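**Q** build me a model:
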Amino acid sequence: MYYALGEEGIQTLGKKEWEGIHGGIGIFDEESFARALKLREEFSILQNPDAVFFCKLEHHANYLLCTFHIPVKKKEKRQYAFSLYLLPGKMIFVDEGEIVRETVEKIVRRGEGKKYSPDRFLAEFLMSFIEEDTLYVAELERTIADMEELVLKKDTGNFNYQMLGLKKEISRFYCYYGQMINMGEAIAEDSSDYLEVKDGRGYQLFMERCQRLQQEIQVLREYAMQVQDVYQAEIEIRQNSIMKLLTIVTTIFLPLSLIAGWYGMNFENMPELKWVYSYPVVFGVSVLIVIVSLCYFKKKKFL
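**A** Okay, here's the model as predicted:
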């Protein structure tokens, strides 16, 4: 796909028309980009982009290479990965998927008839990847709040598993926003040699929004840690309750164990050994000890 930027907005072009204009956008996959020998020779592009794992900007002799690693919301192991070559008068995207084309088409529909300069398009392109992230951050916050409510209701279930996934998601987006801030700063500082920069406010707005999102994600990270502390406190309370119950049972049966051990010795001279009422008396004393112990613990509100 090939596009031209100008007074009438973003226009779709053919390949030959695109090659002869200034301020155009081209979208390639890796195979078609490898075959674009004329373009690669013109700007001394010697290599295809490597596997993309980070959002970053690299400086080369005749171009800037931006790599994008965009996390997919709610899917921890998926991401959009593509590259952008900033050349004098041209922007070339190398994307094996459809995310770049879909994003460009969305900008075309939204800005139909509006004047587009390369710097305005690039700023809007960057902004499109974070424009709905505020809603997603709010959704993450609601998820943490729901987990906190379940903990307070003592319905912990698979809390650790859910919290681990949530913390991974928060960490993933925290790193992503930091990388996007660095990329925005680098593009704002270095793109003037390759793009006709008429107004840098778009980049500034993009960086400010990324910074706010990163701060909100940091707050969520701290909130998640607080909820995990609440969960741990609930676990400790439960353990204390169990230990309390075991202590009460041990305390009740301690005198009974003493009686059983004492009268189980069967010494010849024990006066109660051959008494006909020995067993009922010991049984009654044992029951009395249990009743008195239970009444005492209940009075002291241990039960």
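**Q** quick one, strands of this protein?
**A** 2-6, 9-13, 24-28, 56-59, 64-71, 79-87, 90-95 (DSSP state E).
**Q** what angle separates the fifth one from strand 79-87?
**A** Calculated by axes from the mean of the first three to the mean of the last three C-alpha atoms, to 10 degrees, strand 64-71 forms an angle of 170 degrees with strand 79-87.
**Q** which strands and helices sit next to strand 64-71?
**A** strand 56-59, strand 79-87, helix 159-190 (3 or more C-beta pairs under 8 Å, 6 or more residues apart in numbering; DSSP states H and E). (Each C-beta comes from the backbone N, C-alpha and C, glycine too.)
**Q** listing partners with orientation, what would you give for it?
**A** Strand 64-71 sits in its sheet next to strand 56-59 (antiparallel), strand 79-87 (antiparallel), going by DSSP bridges.
**Q** please identify the deepest-packed of the ones you listed.
**A** strand 79-87 (a mean of 20; mean count of other C-beta atoms under 10 Å).
**Q** pull it out as PDB, backbone CA atoms only.
**A** Taking Å, rounded to 0.1, in the frame of the first residue of the first chain, the C-alpha atoms of strand 79-87 are listed here in PDB:
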ATOM      1  CA  GLN A  79       2.100  -8.400  20.500                       C
ATOM      2  CA  TYR A  80       2.200  -6.400  17.300                       C
ATOM      3  CA  ALA A  81       5.700  -6.100  15.900                       C
ATOM      4  CA  PHE A  82       6.700  -3.900  12.900                       C
ATOM      5  CA  SER A  83       9.400  -1.500  11.800                       C
ATOM      6  CA  LEU A  84       9.400   2.100  10.400                       C
ATOM      7  CA  TYR A  85      12.200   3.600   8.200                       C
ATOM      8  CA  LEU A  86      12.200   7.400   8.400                       C
ATOM      9  CA  LEU A  87      13.900   8.500   5.100                       C
END
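**Q** average pLDDT for it?
**A** The pLDDT scores in strand 79-87 average 85.
**Q** now the angle from it to strand 90-95?
**A** 160 degrees.
**Q** contacts for strand 79-87?
**A** Around strand 79-87, the neighbours that count as contacts under C-beta atoms under 8 Å, 6 or more residues apart in numbering are 43, 45, 49, 51-53, 62-72, 91-97, 99-100, 187, 191, 194-195.
**Q** same check on stretch 27-42?
**A** 1-2, 19, 45-46, 48-49, 92-96, 100-101, 104.
**Q** and those residues, which are buried?
**A** The neighbour count (16 or more other C-beta atoms under 10 Å) marks 2, 19, 45, 49, 92, 93, 94, 95, 100, 104 as buried among the contacts of stretch 27-42.
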